[in-house]
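Trainee: here is a sequence with its predicted model. Questions after.
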Amino acid sequence: MDLYIRPIQLEDAKEINNLRRMEGIMENIMGLPSETVMDSKGYIAKEDSLRHQFVAVLKKDRSNEVIVGTAGLHLNELPRKRHSATIGIMVHTEYQGMGIGKQLMNAVLDVADNWLMLTRIELEVFADNEKAINLYQKLGFNVEGVKKKAAIRNGRYADEMLMSRIREQD
C-alpha cells in the first residue's frame, strides 16, 4: 500500500465531505447527513495557527489517488489552556484496521510533541467504539471519564468517553 500523509488542501473538500457522510463514519463523528461540500470547503478554508489538519492519501497508481482518512489537532484558544489540544480523526471504512489511523495519529502527535510542546491532548470517542479506544490506548491515551447521553447517534442518545494523553515535559 503506497500511502502518505500530508496537510489538508482546499481541493480535498469533496473527498473529505464524502468521508464525513460515509456510513460507518458519520455515526461516530459529530457530522450530519445534510453536510455539503461547501461546509467542508468552509472548514478547510478557515485553517489557522490553532488547527493542524492532515489527510492520508492512498496512491492507487500513477494518476489515481484517494483520500482515505484525516486527522486534526485543534489547540485550545484560551491563553491559560494553550498547553492542550483536542484530536479528531476518521478513516474510510474500507481501509480501517490497516494502520492508517495510527499513521494519522502519529502525524498529529508529532506536531503536538515536537513542534508545539503540548502537555495535554484529549479526545472524545463513543463508548462502544472499541477499535478506536484500543488505538488511542496503544498511543498512550487513558480514559478520564464517561459522559452519559453526550450525543445523538442514529436516533438515540449515546455515551462518550473522554480520553487524554498527558506528556511530562523534560
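Mentor: That came through fine. Numbers count the residues shown, from 1 in each chain.
Trainee: point out where the chain drops to low pLDDT.
Mentor: The chain contains residues with pLDDT under 70 at 1, 170.
Trainee: cutoff 50 now
Mentor: Of all residues in the chain, none has pLDDT under 50.
Trainee: how close does the residue of it most remote from its centre get to D2?
Mentor: What lies farthest from the middle of the chain is R62; by CA atoms, centre = their mean that is 27.5 Å. Separation of R62 from D2 (CB to CB, to the nearest Å): 10 Å. The way it works is simple: take the backbone N, C-alpha and C, and place the C-beta from them, glycine included.
Trainee: for the residue positioned nearest the centre of the chain, which non-adjacent residue is closest in space?
Mentor: Closest residue to the average C-alpha location of the chain: I89 at 1.6 Å, with CA atoms, centre = their mean. Once flanking residues are discounted, I89 sits nearest to A71: 4.0 Å by CB to CB, 6 or more residues apart in numbering.
Trainee: so what's the one you found bridging to?
Mentor: Beta bridges link A71 to F54, I89, judged by DSSP bridges.
Trainee: surely it meets K102?
Mentor: No - judged on CB atoms under 8 Å, A71 makes no contact with K102 at a distance of 10.3 Å.
Trainee: more neighbours: these two, which one.
Mentor: In this view A71 and K102 are compared by other CB atoms under 10 Å, and A71 has more residues nearby, 25 against 13.
Trainee: surely K59 is within a strand?
Mentor: Yes - judged by DSSP: H, G, I helix; E, B strand; the rest coil, K59 forms part of a strand.
Trainee: how about the residue nearest to K59 when sequence neighbours are not counted, what does it touch?
Mentor: Nearest residue to K59 in three dimensions, chain neighbours excluded: D2, at 4.2 Å (CB to CB, 6+ apart). Neighbouring residues of D2 by CB atoms under 8 Å, 6 or more residues apart in numbering: 58-60.
Trainee: ramachandran angles for L10?
Mentor: phi -60, psi -30 (degrees, to the nearest 10).
Trainee: from K41, how far out is it?
Mentor: Counting by CB to CB, the gap from L10 to K41 is 6 Å.
Trainee: then N114?
Mentor: From N114 across to K41, the span is 30 Å (CB to CB).
Trainee: comparing the two, which residue is more hemmed in?
Mentor: K41 (17 against 9).
Trainee: if I look at the closest residue to that one other than its chain neighbours, how far off is T36?
Mentor: Nearest residue to K41, sequence neighbours excluded (CB to CB, 6+ apart): A13, at 4.2 Å. In this view, A13 and T36 are 10 Å apart by CB to CB.
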